[in-house]
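Peer 1: Sequence unavailable; structure follows:
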Ligand code: SF4
């Protein structure tokens, strides 16, 4: 299906950090909508999507003048106190349209002029490495959180066929490490993975965040349950992985490779 792109003139960009993001003062979404369209993405059930006629994953609103708006908002927010930003909570800031539009890059440029106290860049896209030059200049005020829910490409294709290949995400973590950009691997939501997953990440990161549908969707798993994700697990004969205790097995496997202090669970793993 062909994706549709719209240009919008937002009034504001920074939103208050609430709920799962209450550890942040603000969230920041350079786009509305996301063409990665992951099967388990519960944003499709939020008002931002349900009021649209197009299906989630097939449309993106591109925010005009985003840098100018952020510049003003950031100045105002910083005058009131500490500013910690989660980018992004309901879109991927490095989805394919960012190659051309560079909205996210323009926001990073603003943040270099007037740095927030902390910025978490949440993405699953190798495009983030394009901006390593800017991220590096934010020094320890930034962390890239690279979603890598599994090391199995066959599983990735079942659950997120339009998202970047797993191997490209490993490679991106390697390049970020070589560039000196702080990064973590974010296994969220946990998908069925091999027993070698931790060994593959060990040379690349010193921080891992693990989360699942039941802890991480903000509703005890209800939101993802209503997407009927369980049926996908069943069709693959992997229903054991769709369970509130499945994360324990992954955590145990990682504990054999990573020190405990490098492993973080759910909300805590995303904190500044
Ligand atoms: S990348 Fe994130 S925002 Fe985009 S569809 Fe997937 S889960 Fe949703």
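Peer 2: Everything's here; your move. Predicted model only: the values in this text are computed from it and were never measured. Numbers count the residues shown, from 1 in each chain.
Peer 1: switch to C-alpha atoms for all contacts and neighbour counts from now on
Peer 2: Noted.
Peer 1: Quick one: residues contacting residue 152.
Peer 2: For residue 152, the contact set (CA atoms under 8 Å, 6 or more residues apart in numbering) comprises 166, 192-194.
Peer 1: and with 10 Å instead?
Peer 2: Contacts of residue 152 were listed using CA atoms under 10 Å, 6 or more residues apart in numbering, and they are 165-167, 191-194, 197.
Peer 1: and what of residue 72?
Peer 2: Taking CA under 10 Å, 6+ apart as the test, what residue 72 contacts is 12, 110.
Peer 1: What's the first helix or strand after the host helix or strand of it?
Peer 2: Element membership for residue 72, per DSSP states H and E: helix 66-80. Going down the chain from helix 66-80, the next helix or strand is strand 84-87, by DSSP H and E.
Peer 1: And stretch 249-258, what's buried?
Peer 2: Buried residues in stretch 249-258, counting neighbours by 16 or more other CA atoms under 10 Å, are found at 250-251, 253-254, 258.
Peer 1: now that stretch: mean pLDDT?
Peer 2: Here stretch 249-258 scores 98 as its mean pLDDT.
Peer 1: And stretch 109-127, by the same measure?
Peer 2: So the average pLDDT for stretch 109-127 ends up being 98.
Peer 1: What residues of that stretch count as buried?
Peer 2: Quick answer for stretch 109-127 (16+ other CA under 10 Å): 109-111, 115-127.
Peer 1: tell me which of the buried residues of stretch 249-258 is nearest to residue 78?
Peer 2: residue 258 (36.5 Å; CA to CA).
Peer 1: Enumerate every residue touching the closest one.
Peer 2: Neighbouring residues of residue 258 by CA under 10 Å, 6+ apart: 198-199, 201-202, 205-208, 251-252.
Peer 1: hang on, the earlier thing: chain center to the helix holding residue 72, what's the gap?
Peer 2: Distance, stretch centre to chain centre, for helix 66-80: 23 Å (CA atoms, centre = their mean, to the nearest Å).
Peer 1: Now do the same contact list for the nearest residue to residue 142 once chain neighbours are set aside.
Peer 2: Of all residues not flanking residue 142 in the chain, residue 119 sits nearest, at 4.7 Å (CA to CA, 6 or more residues apart in numbering). Counting by CA under 10 Å, 6+ apart, residue 119 makes contact with 24, 26-28, 83-87, 108, 111, 135, 138, 140-144, 272.
Peer 1: Any idea which helix or strand in the protein has the lowest mean pLDDT?
Peer 2: Counting by mean pLDDT, DSSP states H and E, the chain has its least confident helix or strand at helix 222-225, which shows a mean of 83.
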